[in-house]
Structure formats: C-alpha cells, structure tokens
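K.L.:
Turn this into a structure:
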Amino acid sequence: MLLHNPQKKIAISTKRFRVVNCGRRFGKTTLAVLEMIAKAVSADDIRIAYIAPTYQQARDIAWNDLKKISQPVKLKINESRLEITVKTQVEGGKSIIMLRGWEAVETLRGQAFDLLVIDEIASMRNFWINWEEVLRPTLTDRIGQALFISTPKGFNHFYDLYNKYLEDDDYESFNFTSYDNPHLSEEELNKAKREMLPDRFSQEYLADFKKSEGLVYKEFNRDKHIFAELSKVVNNIDYIAGIDFGFTNPCAVMHIKKDYDNSYWVIEEWYKRGQSDAQIAEYVSACHFNKVYPDPESPSAISEMKARGVNVREVIKNKDSIKSGIDKVRELFLSGKLKIHNSCVNLIEELESYSYPDKREGRNEEENPIKENDHALDALRYALSMNSTNVERLKAKQYIPNNLNR
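P.N.:
Just a heads-up that it's a prediction; the model follows:
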C-alpha cells in the first residue's frame, strides 16, 4: 500500500512530535497503521501504542487495517487485548503494537514506548493533564516519538497543540483538507459542501479551526479576554476561589482577583486528579483566599476546609442555577470585565468546547449544556455568580432613596 504525496510529507518528517490537522477521509488511519508497522519492524523490542478516544473506537478505526497490513510480519495477534506482535529486521527480534482507549489512558502510566499515535485528539477530554502526567513520561526512557492526528473541533486543546511548533523545535504541524486525498471523488466532496452548513463543512472537510456549533460561551474571545502579564492585575479588593471537587475527575480550583471596577481576573488554576478531601483543603487553606465558593454537593470536603479556617461561602444550586450562572459569566465577557491568564490552559480549553446538545427535531432546545468539559467552568461559575450576587445584595441593603438624602 502506497502513501499519497501529502501523507509522504508527514512520513518523511524527522521531527519528534508531528501534529496532523486533516479533513475527513484524508487517509490518516492508513498513514498511522503504515507508520506503526514500519517503526515496529525497524529494530528489536519496539513498543508502540495507538490511542483513540475510546477502546471501541480503536477497534473500529484501526484494528482491521492493522491486522491486514501487518500480515507479512505478524507473529501473534491478541484479539481480546488488541495487540499484535511482529517480527523485526533483527534475527529473532520482535516488537509489539497495542491499541488503547483514552478513557483508560491511566493504564499506560509507568510504561515505556518508542512511538505513540494519538488519534482524534480534538475529542479527548482533559488532554493536557493526561499528556503531561501520563503519556509524555512514557517516551522519556526511549526518547520516543508521537504522531498526533485529528480533525479540529473548535479552538480547543488541539488548536493549542497544533501551534506548539511556534515555540518548540521538536514539533512540526501539517494541515491537509479532504481534497488533498487524490483517491476521493471531488464531485462527492462538492456535493457534501452543498448539503452541509458552511462552518461545519469547513471544519470537517477543510480542517478549519472554527467555533464549535452549539458552543455555550460564544462571547469568549482569546484576543479580548486572555492576558499574559500579571502586573496588569492591580487595585484588588478581593481574592476569591471557585472549587469543583473531583477525584477520578479533576478537582478545579480557580484563583480569581476582583478590582475596584468589579472586574474579575482569573490569575491561576489548580487542576488535579486523585486529590483527597484533606489534600484539597490543605491546598486551599495555604492559598489564603478571602472567600471560597465550593460545590455544595461535597459536604465532607467543605467540612475539611472549614476545619482549617477557610472562609467558605454558600453556593446555591437549584434548577435555574446553571443557566443563571452561565448568563453571569457571559455578561462579564460581554462587558469586558472577565479576564483569564494564559496559564489557565484547562479553563481556556473548556471555554472553547463546552457545548449544548444538538437540537432534536420536534423538541425544545436544552437549557443546560452537555455535562462534560466543565470542571474549571463549574468552579468559575460558582465563584462569579455567587460573589456578584452577594455584591448586588449588599448594594440593595445600603441603598438610600434620594429623598432621604435631603
């Protein structure tokens, strides 16, 4: 099986980390499978992992092609574990290729690989934390390589990964459309173009980074709302935090400063998995926030913080609290009174991927977003909605009618 010319440009790159942004049916699976087999047979004891968003997707996307193309060199196939052992150019040598799902990425912690192929990255939750804490260390011992492949899905973590080459010489990025695959019918692609919404076609077939359809925070704009210099945060009157608890999912603590103009500056994020209630409370206590707004559905964690003297404020959750909280965050973005430091990569990623469900024919649109990509956003919403509400209540109590001032 031969690579077409755009695939060859990717294959001959000598960069350690290659990022491929491509349209649907570009040929990314064929490229990935051929790369893995070529790498596996090149030397003895090569270890390779292909990772899709789920284990089932890994099976559906790459398994059959991998079995078929590796036929001349295969030694053993393990169907239950999705692993293939192949013979190498070294006499008696063997290497292994395994397929895994992102939902179980923790199982790769502590292993060592010569090549990782990570497919459909734009759909993977908590990408940066898993890349930095789990996957990147697996390449250290063997000076391993990584091939990242995806079709875009808004300006999320894949967009940031695609632009890594601007700051790191180990990275190279490639952008190809579906039209770049010479084996696809141009007539068929043009038909899809006529039938689809322009933005959706641009994203799926032209591999353009677009705002996700159904995005919750469409008001968020990197140029307007992200800042790099902490020296801009001046005249502070409050230092608050919003907290969304988690153990299997990340715990998110958002550090927020408020100034005299009632503008909010998110200066830092703490975004970690596997943290106990006591560990979270220790961290929050050490930060010396003036006020803390935690998810009220974790009473044991709140008790731990109160025991350490943390000033915990009430967060009200009811059937309208999500919508009203989102409206408050939107209002702050629109007024230019919410700024986010560029180090808050998880919050930024969530802002650019948090979405409403697709509208179903014959049904009203959902009021609340899909419950994913929301840990940092929930923490932000708790703090901003309750802090601004408390400010409004205080103003109401202090209000004196004009006729009483005379």
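K.L.:
for Val284, helix, strand, or coil?
P.N.:
Put simply, Val284 is helix when judged by DSSP: H, G, I helix; E, B strand; the rest coil.
K.L.:
Quick check: it vs Asp119, distance?
P.N.:
Between Val284 and Asp119 the computed distance is 37 Å (C-beta to C-beta, to the nearest Å). Every residue, glycine included, has its C-beta placed from N, CA and C.
K.L.:
swap in Val134?
P.N.:
Distance of Val134 to Asp119, given as C-beta to C-beta: 16 Å.
K.L.:
and Ala40, backbone torsions?
P.N.:
phi -60, psi -40 (degrees, to the nearest 10).
K.L.:
Which pLDDT value belongs to it?
P.N.:
For Ala40, the pLDDT comes out at 97.
K.L.:
That one contacts Ile97, correct?
P.N.:
Yes - judged on C-beta atoms under 8 Å, Ala40 makes contact with Ile97 at a distance of 5.5 Å.
K.L.:
before we move on, back to that, neighbour count winner among Val134 and Asp119?
P.N.:
Each of Val134 and Asp119 has its neighbours counted (other C-beta atoms under 10 Å); Asp119 has more, 24 against 17.
K.L.:
Spit out the contact partners of the more buried one.
P.N.:
Residues in contact with Asp119 (C-beta atoms under 8 Å, 6 or more residues apart in numbering) are Lys28, Thr29, Ala32, Tyr50, Ile51, Ala52, Pro53, Ala58, Ile61, Ala62, Ile149, Ser150.
K.L.:
Looking at those residues, which are in helices?
P.N.:
Secondary structure defined by DSSP state H assigns Lys28, Thr29, Ala32, Ala58 of the contacts of Asp119 to helices.
K.L.:
Which member of those residues is positioned nearest Arg109?
P.N.:
Ala58 (17.9 Å; C-beta to C-beta).
K.L.:
what's around the closest one, how many residues?
P.N.:
Going by other C-beta under 10 Å, the residues that sit close to Ala58 add up to 23.
K.L.:
just use 465 as the starting number from now, easier for me
P.N.:
Understood, numbering begins at 465; the last thing we discussed is Ala522.
K.L.:
Against Thr602, how distant is it?
P.N.:
Plainly put, Ala522 is 17 Å away from Thr602 if you go by C-beta to C-beta.
K.L.:
mind showing which ranges of the chain have poor pLDDT?
P.N.:
The model of the chain has pLDDT under 70 over residues 465, 675-677, 822-831, 853-870.
K.L.:
what ranges do the strands span in it?
P.N.:
Remark: strands assigned in the chain by DSSP state E are 481-486, 511-516, 538-542, 547-551, 558-565, 579-583, 609-614, 635-640, 690-691, 700-708, 715-723, 728-736, 755-758, 802-805.
K.L.:
The second one packs against which elements?
P.N.:
Judged by 3 or more C-beta pairs under 8 Å, 6 or more residues apart in numbering; DSSP states H and E, the packing partners of strand 511-516 are helix 492-505, helix 519-522, strand 558-565, strand 579-583.
K.L.:
Off-centre distance for the first one?
P.N.:
Computed by C-alpha atoms, centre = their mean, to the nearest Å, the separation of helix 492-505 from the middle of its chain amounts to 26 Å.
K.L.:
Also the second one?
P.N.:
In terms of C-alpha atoms, centre = their mean, the gap separating the centre of helix 519-522 from the centre of its chain is 19 Å.
K.L.:
what does the third one give?
P.N.:
In terms of C-alpha atoms, centre = their mean, the gap separating the centre of strand 558-565 from the centre of its chain is 25 Å.
K.L.:
Would you mind listing the buried residues in it?
P.N.:
Within strand 558-565, the residues scored as buried using 16 or more other C-beta atoms under 10 Å are Lys558, Ser559, Ile560, Ile561, Met562, Leu563, Arg564, Gly565.
K.L.:
Any figure for the gap between the second one and Ser477?
P.N.:
Ser559 sits at a distance of 21 Å from Ser477 (criterion: C-beta to C-beta).
K.L.:
Please enumerate the helices of the protein.
P.N.:
Counting by DSSP H, the helices of the chain are 469-475, 492-505, 519-522, 528-533, 591-594, 621-626, 650-659, 662-668, 686-689, 741-751, 763-771, 785-799, 809-815, 839-862.
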